[in-house]
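Trainee: Sequence first, predicted coordinates after that:
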Amino acid sequence: MIPLRIEIDLVGPVERPARPIHLDSLIANLLVTRDIPHETDVATIRSHIERLPLERADIGGDWVWKASSVAFDWTTPPMQEFATRAIRPAAVAEVVKSGMLTNFGIDTKIDTARGQLKSATYAHEFQWARAAVAYCIGDQAEIEGLLQGMQSIGARRRLGNGQVSAVRVIDDERATALWSRRYLPQDADAGRMVEGAYRLPLFDRTHQRIVRDNHLEWEGAVAA
């Protein structure tokens, strides 16, 4: 395991993340995509992502992967784009009848005025970025192989956001310090207290807790 800098070249806009995107989460997603069929049970996936090609850091009786959050080189101010979610009751009824939709609590009425099937107009925020960077301590060959399969980053990728044009994995001794620029356990001595998660998968709500936010910023994070 060696200290590494991950450089990501981007093309076009990126959905501005509400919370930091962490490198270990990206690596875990790529590992699962490469190794595990879609029909595999959740327990197998959780077990698989416990074996990432990264070092662990023990902090106050807990641990995190030695992988920073991702810092973006934003080239424009934040912008908003509006979209509409239109629900077609007849189409939803056909899906419910087929048995494909079982977790919406639909009984005799499809309610498009409220709840999960509400028709709405919403806004999302994005910015143009030309590059991103992250740091870690890990297996260079394995990480490079995984990241070469990364085609995009961030939310709303199906709309063309966050397109990745190239990834480079480079030896960088600064990673011995900069990997910790991420969400950390409360006992860490850096960062402000926020609600978040540092244990994978990050979207698992049972992992939400008070954490130290020490995420990486672009300024000062890249080589001169």
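Mentor: Now that the structure is in, tell me what you want to look at. Numbers count the residues shown, from 1 in each chain.
Trainee: Please list all residues in contact with the spatially closest residue to residue 46 that is not a sequence neighbour.
Mentor: Excluding its sequence neighbours, the residue lying closest to residue 46 (C-beta to C-beta, 6 or more residues apart in numbering) is residue 201, at 7.5 Å. In short, each C-beta sits where N, CA and C put it, glycine included. Residues in contact with residue 201 (C-beta atoms under 8 Å, 6 or more residues apart in numbering) are 25, 28, 46, 49, 207.
Trainee: for residue 207, same thing?
Mentor: Counted by C-beta under 8 Å, 6+ apart, residue 207 has contacts 197-201.
Trainee: What of residue 72?
Mentor: 10, 14, 127, 129, 131-132, 218.
Trainee: The helix or strand hosting residue 193 pairs with which strands, parallel or anti?
Mentor: Taking DSSP states H and E as the criterion, residue 193 maps to strand 192-196. Applying DSSP bridges to the sheet, strand 192-196 is found paired with strand 209-213 (antiparallel).
Trainee: mind checking how far the partner strand is from the chain centre?
Mentor: Distance of strand 209-213 from the chain centroid (C-alpha atoms, centre = their mean, to the nearest Å) equals 17 Å.
Trainee: With just CA atoms, put it into CSV.
Mentor: Output in CSV follows, covering the C-alpha atoms of strand 209-213 (Å, rounded to 0.1, in the frame of the first residue of the first chain):
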residue,chain,number,x,y,z
ARG,A,209,-24.4,9.7,12.8
ILE,A,210,-22.5,12.8,14.0
VAL,A,211,-19.1,12.8,12.2
ARG,A,212,-16.2,15.1,11.8
ASP,A,213,-16.4,16.9,8.4
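Trainee: so where's the protein shaky on pLDDT?
Mentor: Counting by pLDDT under 70, the chain shows low-confidence ranges at 37-42, 80-83, 85-86, 88, 93, 95-120, 122, 156-160, 219-224.
Trainee: CA-only coordinates of the longest helix along it, as PDB, when you get a sec.
Mentor: Counting by DSSP state H, the longest helix found in the chain is helix 23-35. Extracted in PDB, the C-alpha atoms of helix 23-35 (Å, rounded to 0.1, in the frame of the first residue of the first chain):
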ATOM      1  CA  LEU A  23     -13.100   8.000  -3.000                       C
ATOM      2  CA  ASP A  24     -13.700   4.800  -1.100                       C
ATOM      3  CA  SER A  25     -17.400   4.900  -2.100                       C
ATOM      4  CA  LEU A  26     -16.400   5.200  -5.700                       C
ATOM      5  CA  ILE A  27     -13.900   2.400  -5.500                       C
ATOM      6  CA  ALA A  28     -16.500   0.100  -3.800                       C
ATOM      7  CA  ASN A  29     -19.100   0.800  -6.400                       C
ATOM      8  CA  LEU A  30     -16.700   0.000  -9.200                       C
ATOM      9  CA  LEU A  31     -15.600  -3.200  -7.400                       C
ATOM     10  CA  VAL A  32     -19.100  -4.400  -7.100                       C
ATOM     11  CA  THR A  33     -19.900  -3.500 -10.700                       C
ATOM     12  CA  ARG A  34     -16.900  -5.500 -11.800                       C
ATOM     13  CA  ASP A  35     -17.200  -8.600  -9.600                       C
END
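Trainee: Appreciated, that's everything.
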